[in-house]
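Q: Have a look; sequence and predicted model below, questions after that.
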Amino acid sequence: MEALKGIRILDMTHVQAGPTCSQLLAWMGADVIKFEPPQGDATRGQLRDVPGADSLYFTMLNCNKRSITVNMKSAEGKSVFVDLLQKCDIMMENFGPGVLERLGFTWDKIHEINPRIIVGSIKGFGSSGPYADFKAYENVAQAMGGSMSTTGVPNGPPFVTGAQIGDSGTGLHLAVGLLAALNHVHRTGIGQYVEVAMMDGVMNLCRVKFRDHQRLTRGPLPEFSVPTYQGMGETPRAGNDSGGGQLGNAIHCKPHGANDWLYVVVQEAVWEALANRIGPEVGVPDLARDPQVATIAERRRNQQLVWTLLSKFAAKYTKRELMAILNPLDVPCGPIMSTEDLANDEHVKGRDMYVELDHPQRGKWFNVGMPIKLSASPAKIERSPLLGEHTDDVLTNVLGYDAAKVEALKAAGAFSAPPKK
Ligand SMILES: CC(C)(COP(=O)(O)OP(=O)(O)OC[C@H]1O[C@@H](n2cnc3c(N)ncnc32)[C@H](O)[C@@H]1OP(=O)(O)O)[C@@H](O)C(=O)NCCC(=O)NCCS
């Protein structure tokens, strides 16, 4: 049975940060009702690859949900919203600052309507502090949460990371908060307001960078390949340094294309075996005991030499061949996998992490699968809903409206955009 069976979510989220969260909860079995403005979540039409079809931006973030369109700027639409608040366990949103309040629904008001309901809210910067009024997108959060200043090479510009830590990362944080609040409501009968700011979520994911920030007050960071010194102030960008207690780097392999790299961790425990394997082929037969790299302190100091020798060795092998050489030596390593590599990878397929789905407008397409595997409640992934596909279904079967009421609401414009003046 689905783990969250019986939990109903009124999902007002849009774009990426919120929908990531509600999709995960839907994959765990919650009944997620995507509550959209009459024109739909803006991402339905963004970056379209098939004319007239919901974009992959939308379909990949909104699986296993029902869709209802409601015009919240009409009195009738608001009355449908209030009725749904009474039938749901969670309401979630990631509107810009003040949007819900402008619509007339503060947390206090929602709590009064349904004291059990949990409200999940994502904002760029939360509801307090000098940044509270600002909107935010992924890269703004990466910029302001410490990720960009610590990503990239030392003398180059700051870089965003491809993983959507500002949006999807915040969605994950919200999911944790909502599950905790569900446990709380089961014990107390009282719902609560769960807020995650994208900037806070990114900072949480940059925790180790603040470890290094504080270490810099005591001395240099010996594991960094770039120069650091006591009192430096800010954690520098350090390319592909491992950033942990073990040395690591990306090593370019044959045929030296964009993704022909293997990330290799020169774990202390494997140094001797690794050095004995590569040393003879790169002209340093006794590499393991070479005074420049024999101890971890020396390897840190002279890590450029380690990377140069490993790269020299790697020049004769592809990333997969190098991996096959290093695996038996227990060297932690992994090829840099392109999206093409991953889309065709047997391991990925076997773990249902790239799944084929059908869609009435676009035909076959793929979604990234559910990364959280529950033994008794495996996720069953189903396509995203068309805009308003379930409006009648929800009005009838969740709210219990009769046909006459539905028609009257429709005629009053509760589910459609007002005609253009
Ligand atoms: C993402 C973001 C920048 C988009 O900004 P935006 O497109 O201007 O959208 P907003 O959320 O500010 O506003 C939505 C508008 O749609 C309206 N709307 C939303 N649902 C509606 C409905 N069902 N019926 C009628 N109107 C609706 C709102 O009332 C609001 O109108 P208003 O500005 O007149 O008050 C902004 O929502 C934001 O900062 N969100 C928080 C952080 C976040 O999640 N970022 C995105 C990560 S992917």
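A: All right, it came through fine.

Q: And whichever residue of the stretch 151-300 of the chain sits closest to the ligand, how far from L4?
A: Going by C-beta to the nearest ligand atom, the ligand is nearest to D167 of the stretch 151-300 of the chain, at 4.2 Å. Using the backbone N, CA and C atoms, a C-beta is placed for each residue, glycine as well. Here D167 is placed at a distance of 22 Å from L4 (C-beta to C-beta, to the nearest Å).

Q: Pull the contacting residues for the residue of the stretch 151-300 of the chain closest to the ligand.
A: Neighbour list for D167: 15-17, 20, 137-138, 141, 198 [criterion: C-beta atoms under 8 Å, 6 or more residues apart in numbering].

Q: Do you know the pLDDT at A17?
A: Listed pLDDT for A17 reads 98.

Q: Nearest spatial neighbour of it, chain-adjacent residues omitted?
A: Distances taken as C-beta to C-beta, 6 or more residues apart in numbering place D167 nearest to A17, at 4.2 Å, with adjacent residues excluded.

Q: Tell me, domain by domain, which residues of the protein belong where.
A: The chain breaks down into these domains under automatic domain parsing: 8-204+346-411, 247-331.

Q: for the record, mean pLDDT for the last one?
A: In other words, domain 247-331. 97.

Q: quick one: which of the domains of the chain is nearest E340?
A: With C-beta to C-beta as the measure, domain 247-331 is the member of the domains of the chain nearest E340 (8.6 Å).

Q: end to end, how far does the closest one reach?
A: 12 Å (C-alpha to C-alpha, to the nearest Å).

Q: that older thread, check the contacts of D167 one by one and keep those near the ligand.
A: 15-17, 137, 198 (C-beta under 6 Å from any ligand atom).

Q: Now for the closest residue to the ligand within the stretch 301-421 of the chain: which residues touch it?
A: Distances between the stretch 301-421 of the chain and the ligand by C-beta to the nearest ligand atom are smallest at A417, namely 8.1 Å. Applying C-beta under 8 Å, 6+ apart to A417 gives the contacts 37-39, 71.

Q: ok, back up a step: for PyMOL, what selects the buried ones among the contacts of D167?
A: PyMOL command restricting the contacts of D167 to the buried ones, with burial defined by 16 or more other C-beta atoms under 10 Å:
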select buried, resi 15+16+17+20+138+141+198
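
Q: Please convert the contacts of D167 to JSON lines, extending it with secondary structure.
A: JSON lines is the format used below for the contacts of D167 (DSSP: H, G, I helix; E, B strand; the rest coil):
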{"residue": "V15", "secondary structure": "coil"}
{"residue": "Q16", "secondary structure": "coil"}
{"residue": "A17", "secondary structure": "helix"}
{"residue": "T20", "secondary structure": "helix"}
{"residue": "Y137", "secondary structure": "coil"}
{"residue": "E138", "secondary structure": "helix"}
{"residue": "A141", "secondary structure": "helix"}
{"residue": "M198", "secondary structure": "helix"}
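
Q: how about stretch 123-130, does it reach the ligand?
A: Yes. Against the ligand, stretch 123-130 shows contacts by C-beta under 6 Å from any ligand atom at 123-124.

Q: Using CSV, write out every CA atom in that stretch.
A: C-alpha atoms of stretch 123-130 as CSV (Å, rounded to 0.1, in the frame of the first residue of the first chain):
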residue,chain,number,x,y,z
LYS,A,123,9.8,31.5,-0.6
GLY,A,124,13.1,32.8,-2.0
PHE,A,125,14.1,34.2,1.4
GLY,A,126,11.3,33.3,3.8
SER,A,127,8.8,35.5,5.4
SER,A,128,11.1,37.6,7.7
GLY,A,129,14.3,39.6,7.2
PRO,A,130,15.5,42.2,4.8
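
Q: tell me the average confidence for it?
A: According to the model, stretch 123-130 has a mean pLDDT of 97.

Q: Stretch 354-367 too?
A: On average, stretch 354-367 scores 98.

Q: chain center to that stretch, what's the gap?
A: Relative to its chain's centre, stretch 354-367 lies at 21 Å (C-alpha atoms, centre = their mean, to the nearest Å).

Q: Any idea how far apart the tips of that stretch sit?
A: Taking C-alpha to C-alpha as the criterion, the two ends of stretch 354-367 lie 6 Å apart.

Q: in it, what's buried?
A: Within stretch 354-367, the residues that count as buried by 16+ other C-beta under 10 Å are 354-355, 357, 359, 362, 365, 367.

Q: Whichever residue of the stretch 1-150 of the chain sits closest to the ligand: helix or strand, and which one exactly?
A: The stretch 1-150 of the chain approaches the ligand most closely through G96 (2.5 Å), counting by C-beta to the nearest ligand atom. In the assignment (DSSP states H and E), G96 maps to no helix and no strand.
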